[in-house]
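Novice: for reference, the sequence and a predicted model appear below.
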Amino acid sequence: MKRTSTLVGIVLTALAVYAILSLISVQRNLKDAMELTAQLQADITAVQTENSGLEEKTQALENGEGTEELAKQRLRLIRPDEIIFTDIG
């Protein structure tokens, strides 16, 4: 009888230790997942902000606003009445 109760005590102690170690592991995984979630949320916010800016630029180009400026910057086009000065110094 004494041997059975000792064996039960050892098994219960082993189960308790296993449960505690499992809980610690789960808590670490949860912490890591929460940190990753926060980082991903920050990334999503940054991309949404960038997307909004790009949508505004697209709308401006579709409305004709900024088309001339874009042609000047990217294609180096000028109007017939414009004079271009180049700083060589």
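Specialist: Happy to help now that I have it.
Novice: would you map the helices across the protein?
Specialist: Remark: helices assigned in the chain by DSSP state H are 2-62, 67-75.
Novice: ok, of these, where does mean pLDDT dip lowest?
Specialist: Sorting the helices of the chain by mean pLDDT places helix 67-75 lowest, at a mean of 80.
Novice: keeping just the C-alphas, turn that one into PDB.
Specialist: Extracted in PDB, the C-alpha atoms of helix 67-75 (Å, rounded to 0.1, in the frame of the first residue of the first chain):
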ATOM      1  CA  THR A  67       0.800  65.000 -65.700                       C
ATOM      2  CA  GLU A  68       2.800  68.000 -66.900                       C
ATOM      3  CA  GLU A  69       5.100  67.900 -63.900                       C
ATOM      4  CA  LEU A  70       5.700  64.200 -64.400                       C
ATOM      5  CA  ALA A  71       6.500  64.700 -68.100                       C
ATOM      6  CA  LYS A  72       9.000  67.400 -67.100                       C
ATOM      7  CA  GLN A  73      10.700  65.200 -64.400                       C
ATOM      8  CA  ARG A  74      10.800  61.800 -66.200                       C
ATOM      9  CA  LEU A  75      10.800  62.600 -69.800                       C
END
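Novice: any idea of the angle it forms with helix 2-62?
Specialist: With axes from the mean of the first three to the mean of the last three CA atoms, to 10 degrees defining the directions, helix 67-75 sits at 110 degrees from helix 2-62.
Novice: what is the neighbour count of Ala38?
Specialist: 10 (other CB atoms under 10 Å). To be clear about C-beta, it is placed using only N, CA and C from the backbone, and glycine gets the same treatment.
Novice: dump the helices of the chain into CSV; add distance to Gly89 as well.
Specialist: Below are those laid out as CSV (distance: least, CB to CB, whole Å):
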stretch, distance to Gly89
helix 2-62, 34
helix 67-75, 23
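Novice: so how far is Ile20 from Thr13?
Specialist: Thr13 sits 11 Å away from Ile20, going by CB to CB, to the nearest Å.
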